[in-house]
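Asker: coordinates only, sequence not included:
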């Protein structure tokens, strides 16, 4: 059993995502809290990704050109 750091409920280990970088191998928030957070903040992630793509177009085009030639 593990306690979610977001909602504070104690749940089974199967209710947490795996995270190999953590000492117990599990994400600190339960799956339902993470899913809820992602649904509420989807626009933040999409805006961040769009800004990154816009700011790194040259790097991406070079990478994909090299990849295309090698494959």
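Answerer: That came in fine, so what should we check first? None of the values given here were measured: they were computed from a predicted structure.

Asker: Can you give the distance of stretch 8-17 from its chain's centre?
Answerer: In terms of CA atoms, centre = their mean, to the nearest Å, the gap separating the centre of stretch 8-17 from the centre of its chain is 18 Å.

Asker: Would you indicate which residues of that stretch are buried?
Answerer: 11, 15-16 (16 or more other CB atoms under 10 Å). Every residue, glycine included, has its C-beta placed from N, CA and C.

Asker: just stretch 31-40 next, same as before
Answerer: By neighbour count, with 16+ other CB under 10 Å as the criterion, the buried positions of stretch 31-40 are 33-34.

Asker: Quick check: residue 66 vs residue 60, distance?
Answerer: If you measure residue 66 against residue 60 using CB to CB, to the nearest Å, the figure is 11 Å.

Asker: Pull the distance from the helix or strand of the chain with the lowest mean pLDDT to the chain's centre.
Answerer: Averaged element by element with mean pLDDT, DSSP states H and E, the chain has its least confident helix or strand at helix 42-55 (a mean of 92). Its chain's C-alpha centre and that of helix 42-55 lie 13 Å apart, by CA atoms, centre = their mean.
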